[in-house]
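S.K.: Structure here, sequence nowhere to be found:
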């Protein structure tokens with residue numbers, strides 16, 4: 001069972017990913033776009049680490065075909 005802390009971490013990662021998705025919808029240089037995509041990947045890796053620790057996956061967190 002997930003703790004309140006785990007739930008908070010999931011919320012933080014989902015919020016960050018959504019923020020990065022919004023940034024990808026704006027005009028960016030190639031370098032900026034690469035940086036933002038890398039940030040999304042880091043957030044997804046953090047989510048995967050939470051899931052790997054015996055926590056349920058969150059299918060709402062995906063970036064397929066964004067930007």
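M.R.: Yep, that arrived. Quantities reported herein were computed from a predicted structural model and do not represent experimental measurements. Numbers count the residues shown, from 1 in each chain.
S.K.: now whichever helix or strand residue 7 is part of, how far from the centre of its chain.
M.R.: Per DSSP states H and E: residue 7 is located in helix 4-24. Distance of helix 4-24 from the chain centroid (Cα atoms, centre = their mean, to the nearest Å) equals 6 Å.
S.K.: got it, and stretch 32-46?
M.R.: 8 Å.
S.K.: Buried by neighbour count: which residues of it qualify?
M.R.: 36, 37, 40, 43, 46 (16 or more other Cβ atoms under 10 Å). Bear in mind the C-beta positions are built from the backbone N, C-alpha and C, glycine included.
S.K.: Select the longest helix from the protein.
M.R.: helix 30-52 (DSSP state H).
S.K.: and the angle from that one to helix 4-24?
M.R.: When axes from the mean of the first three to the mean of the last three Cα atoms, to 10 degrees is applied, the directions of helix 30-52 and helix 4-24 differ by 160 degrees.
S.K.: which residues of the protein score low on pLDDT?
M.R.: 1-2, 53-67 (pLDDT under 70).
S.K.: Apply 90 and report the result again.
M.R.: Under the criterion pLDDT under 90, the flagged ranges of the chain are 1-7, 50-67.
S.K.: The helix holding residue 7 packs against which elements?
M.R.: With contacts taken as 3 or more Cβ pairs under 8 Å, 6 or more residues apart in numbering; DSSP states H and E, helix 4-24 sits against helix 30-52.
S.K.: Output the contacting helices and strands for the helix it packs on.
M.R.: Secondary-structure packing of helix 30-52 (3+ Cβ pairs under 8 Å, 6+ apart): helix 4-24.
S.K.: For the helix it packs on, which residues meet the burial criterion?
M.R.: Neighbour-count burial for helix 4-24, counted by 16+ other Cβ under 10 Å, picks out 9, 10, 13, 16, 17, 20, 23.
S.K.: you'd agree the first one is up against residue 51?
M.R.: No - taking Cβ atoms under 8 Å as the definition, residue 9 is not a contact partner of residue 51, at 11.1 Å.
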